[in-house]
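>>> Predicted model follows, preceded by the sequence.
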Amino acid sequence: MAEPYVPIATLTTYAALMTELEVTTDAAETYTDDLDDAVDNALADKNTAEDLVEEKFNILFLVGC
């Protein structure tokens with residue numbers, strides 16, 4: 001079976017896009033640790049806020065009895 005015809009402009013464009021993607025991905029890799037830290041900090045802050053709201057609710061609930 002013969003190989004399908006691919007115009008050289010299309011092949012060159014795909015190669016350029018893949019190269020750009022690789023360069024961008026490598027550049028973004030330096031920020032993955034910062035992003036992981038931000039996600040961990042946000043989760044810790046969310047849990048702290050929920051704990052504070054729960055404590056406040058329990059105090060108000062017990063005072064009302």
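Arrived safely, thanks for sending.
>>> For Met18, grab the count of nearby residues.
The number of residues packed near Met18 is 10, by other Cβ atoms under 10 Å. Backbone N, C-alpha and C define where each C-beta goes, glycine included.
>>> ignore the last one, Leu21
By the criterion of other Cβ under 10 Å, Leu21 has 10 neighbours.
>>> Could you do Ala27 as well?
Using other Cβ under 10 Å: Ala27 sits among 9 other residues.
>>> With just CA atoms, put the helix-or-strand element of the chain with minimal mean pLDDT into CSV.
Taking mean pLDDT, DSSP states H and E as the measure, the chain has helix 8-28 as its least confident helix or strand, at a mean of 78. Provided in CSV are the C-alpha atoms of helix 8-28 (Å, rounded to 0.1, in the frame of the first residue of the first chain):
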residue,chain,number,x,y,z
ILE,A,8,5.2,19.5,3.4
ALA,A,9,3.6,22.7,4.8
THR,A,10,1.3,20.7,6.9
LEU,A,11,4.1,18.4,8.1
THR,A,12,6.3,21.5,8.9
THR,A,13,3.4,23.2,10.8
TYR,A,14,2.8,20.1,12.9
ALA,A,15,6.5,19.8,13.7
ALA,A,16,6.6,23.5,14.7
LEU,A,17,3.5,23.2,16.9
MET,A,18,4.9,20.1,18.6
THR,A,19,8.2,21.9,19.2
GLU,A,20,6.4,24.9,20.7
LEU,A,21,4.3,22.7,22.9
GLU,A,22,7.5,20.9,24.2
VAL,A,23,9.2,24.2,24.9
THR,A,24,6.1,25.6,26.7
THR,A,25,5.7,22.4,28.7
ASP,A,26,9.3,22.4,29.8
ALA,A,27,9.1,26.1,30.8
ALA,A,28,5.9,25.5,32.8
